[in-house]
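build the 3D model from these lines:
(one chain, ligands or ions: 1)
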Amino acid sequence: MKIFVGGIRTETNTFVSRKTSEVDFRAGDISLANTQNVDPGLHPGYAGIMQAAIAARCQVARGIVAYAVPGGPVEQPVYEALKAELLEDLRRAMPVDMVLLDLHGAMVAEDTIDCEGDILEDVRRMVGYEVIVGALLDPHAVLTRRMLMTANLLHAYKEYPHTDVIERAVELFDICSGIANGGRRPVATIANCGLIGGFPTVAQPMAGFVEWMKEAEGRQGIHSVSLIQSFPWCDHPEAGAKLLVYADDLLSGYEISKEGADRFRTFFEVAVIHALEPDEAARIVRADPERRYLIADVSDNPGGGASGDATHVLRALVAQGIDGIGIGILYDPVSLKAAWELGVGAEGHFALGGKHSSFSGDPLMVTGRVAALADDDGDGARGAVGGPSSGQLALIETHFGSVIVGRERRQALSPSFFTAVGADPRKFRCIVLKSSAHFRASFADFENKILEVGSPTAMNTNLTELPFTRIERPLWPFDPLPPLKIWTIDAKDSAS
Ligand SMILES: [Zn+2]
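You can find the predicted model right below:
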């Protein structure tokens, strides 16, 4: 069997005005078809598909695999060029029996609202209906009819933080090769849950829901069960959480999707990320001086397209007189450059953060000492989800604690950015991380009490405060929870 593997991934925050450019993809990664060593830390989905295909002794044709740190809509010519490269790689590889793509699912270009649907449609047009086309998705995908009509199987990671990418990639390969080897083409049932939000899976009730999905996949005739949470900051007509089930027949697909969606809809309000106001969080930290805290600055997460330089949370903590703060990675190339020019041990004045978005708040003016400099965050920087190197870092010590500033916009995926500059993250009374949920994988053994804190940025957790114009209503939290809607797509529909 001959299989083609490729992928283009980014997550688009449509509320971010700065476009995602070629520079962003190059800073993330563009591995062309002839790249010898594709970085598995950066492309775990692609690596998982390759691993499974090689183990099954398939003939593998590689295509481009590209990733950009989430940001605003992708510049149209950049998207078109990446897609053209992928399609050209596929054309060269044909004939193939199977096309497996490593996608995100919430990529929006300036003039293409549904990039993955667009890619899958072009792939389908090129290979015809006999070839099996499957795609691995991030659960933050915006699942569209166009994607469903053109792919035989869309299979998403189940965990958030995304700790199970490789496992799901191997399953995608296994299910699709089962179909390619003469199995039945499964039918898709989609339960539209009527709601949108972020649902980490590290605690109950979501951890139990992940177990339920796995158990459901073991039932007769069920191939794949994915909760597509949707990316809340992608203003898209088809946004919203959907339970996607692939089954041998419509009835079993319907039963599983209804059972799962009914279950999820009973507890989603408990499971959704609940963000405190910065002042509220600062008061909690001050009131319990014996305790160590970890504040997730969930609304300023570069992993969701935010600028990573917002000062709202830090300002609130400082205003409450809290010290022993360790914050990072604050995206601030200006302070970074100043720190490198001053050198280790020197003192200077810094205007921290507050420079890259109208949502960032004002810079925080401090006098600080450059305590350490580092070229990057070293091995282990990738945490659960992978991600490019942090680039240069600087540790600035000031009256309230330690600020780690960075040259690149990066999510705080693991404690490695602290250790890279010689700081012990366990010594801080209050860690502040620019991350929504992915930090939970690498900080799991920290005893700090976690507080999720939101602010009015491009990832405002209070979605009703953002200027959505394209989402289809009714949708919770904009409206009361609407009735469950279930619909199906039979592969035969798309073949006609
Ligand atoms: Zn995600």
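
now residue 143: phi and psi?
Dihedral pair for residue 143: phi -80, psi 120, per degrees, to the nearest 10.

that one: what's it in contact with?
105, 137, 154, 190, 228, 230, 238, 242, 244 (C-beta atoms under 8 Å, 6 or more residues apart in numbering). For every residue, glycine as well, the C-beta is placed using N, CA and C.

now it: how far from the ion?
13 Å (C-beta to the ion, to the nearest Å).

next one: residue 120
Residue 120 is 19 Å from the ion, by C-beta to the ion.

just give the number of residues close to that residue.
If you count neighbours by other C-beta atoms under 10 Å, residue 120 ends up with 25.

the strands in the stretch 151-300 of the chain, which residues?
153-156, 187-192, 222-228, 242-247, 293-297 (DSSP state E, counting those that start in this stretch).

one step back: in CSV: the contacts of residue 143, plus pLDDT and neighbour count.
Output for the contacts of residue 143, formatted as CSV (pLDDT from 0 to 100; neighbours: other C-beta atoms under 10 Å):
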residue, pLDDT, neighbour count
105, 98, 27
137, 98, 28
154, 98, 27
190, 98, 21
228, 98, 24
230, 97, 27
238, 98, 20
242, 98, 27
244, 98, 25
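
for residue 397, grab phi and psi.
Dihedral angles for residue 397 - degrees, to the nearest 10 - are phi -100, psi 130.

I meant residue 426, not that one.
phi -80, psi -10.

that one: what's it in contact with?
Contacts of residue 426 by C-beta under 8 Å, 6+ apart are residue 446.

check what pLDDT it gets.
Note on residue 426: pLDDT of 96.

what of residue 455?
At residue 455, pLDDT is 87.

again, but for residue 184
87.

what's the neighbour count on the spatially closest residue to it that is not a sequence neighbour?
Distance criterion C-beta to C-beta, 6 or more residues apart in numbering; nearest residue to residue 184, sequence neighbours excluded, is residue 248 at 5.5 Å. A count of nearby residues for residue 248, using other C-beta under 10 Å, gives 16.

doesn't residue 219 make contact with residue 248?
No - contact criterion C-beta atoms under 8 Å: residue 248 and residue 219 do not qualify, at 10.6 Å.

which one of the contacts of residue 143 is nearest to residue 465?
residue 230 (18.1 Å; C-beta to C-beta).

ok, back up a step: got TSV for the strands of the stretch 151-300 of the chain, with distance to residue 94 too?
Formatted as TSV, these follow (distance: least, C-beta to C-beta, whole Å):
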stretch	distance to residue 94
strand 153-156	20
strand 187-192	26
strand 222-228	26
strand 242-247	25
strand 293-297	46
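
closest one to the ion among these?
Each of those was scored for nearness to the ion using C-beta to the ion, and the closest is strand 153-156 (9.2 Å).

so what strands line up beside the closest one?
strand 132-137 (parallel) (DSSP bridges).

identify whichever of the strands of the stretch 151-300 of the chain lies nearest to residue 428.
So among these, strand 293-297 is nearest, using C-beta to C-beta, at 8.9 Å.

interface residues of this protein facing the ion?
138, 140 (C-beta under 5 Å from the ion).

again, only using 6 Å
Residues of the chain lying close to the ion (C-beta under 6 Å from the ion) are 138, 139, 140, 162.

not counting sequence-adjacent ones, nearest residue to the first one?
So that's residue 138. residue 104 (4.7 Å).

what sits against the one you found?
9, 10, 11, 116, 137, 138, 140, 141.

what about the first one, how many neighbours?
Meaning residue 9. With other C-beta under 10 Å as criterion, residue 9 counts 27.

the ion versus that one, what's the distance?
10 Å.

so what's that residue bridging to?
residue 67.

ok, back up a step: let me see the contact set for the residue nearest to residue 184.
Contacts of residue 248 by C-beta under 8 Å, 6+ apart are 184, 186, 187, 221, 222, 223.

of those residues, buried ones?
With burial judged by 16 or more other C-beta atoms under 10 Å, the buried subset of the contacts of residue 248 is 186, 187, 222, 223.

now for these: which two are most distant?
Among those, 187 and 222 lie farthest apart (C-beta to C-beta), at 11.2 Å.

any residues in contact with both of those two?
Common neighbours of residue 187 and residue 222 (C-beta under 8 Å, 6+ apart) are 246, 247, 248, 253.

just give the nearest non-adjacent residue to residue 273, would you?
residue 198 (4.3 Å).

quick one: what helix or strand has residue 24 in it?
helix 22-28 (DSSP states H and E).

apologies, that question was intended for residue 124.
helix 115-127.

contacting residues around that helix?
Here helix 115-127 has contacts from 8, 74, 79, 83, 86-87, 90-91, 94, 96, 99, 101, 103-105, 107-109, 112, 133, 135, 137, 141, 144-147, 149-151, 494, using C-beta under 8 Å, 6+ apart.

does residue 420 touch residue 389 like I think?
No - Residue 420 is beyond contact range of residue 389, at 10.1 Å (criterion: C-beta under 8 Å).

of those two, who's got more company?
Legend: neighbour count by other C-beta under 10 Å for residue 420 and residue 389, higher for residue 420 (23 against 17).

quick one: that one from residue 154, how far?
37 Å (C-beta to C-beta, to the nearest Å).

and stretch 76-87, what's buried?
Quick answer for stretch 76-87 (16+ other C-beta under 10 Å): 78, 79, 82, 83, 85, 86, 87.
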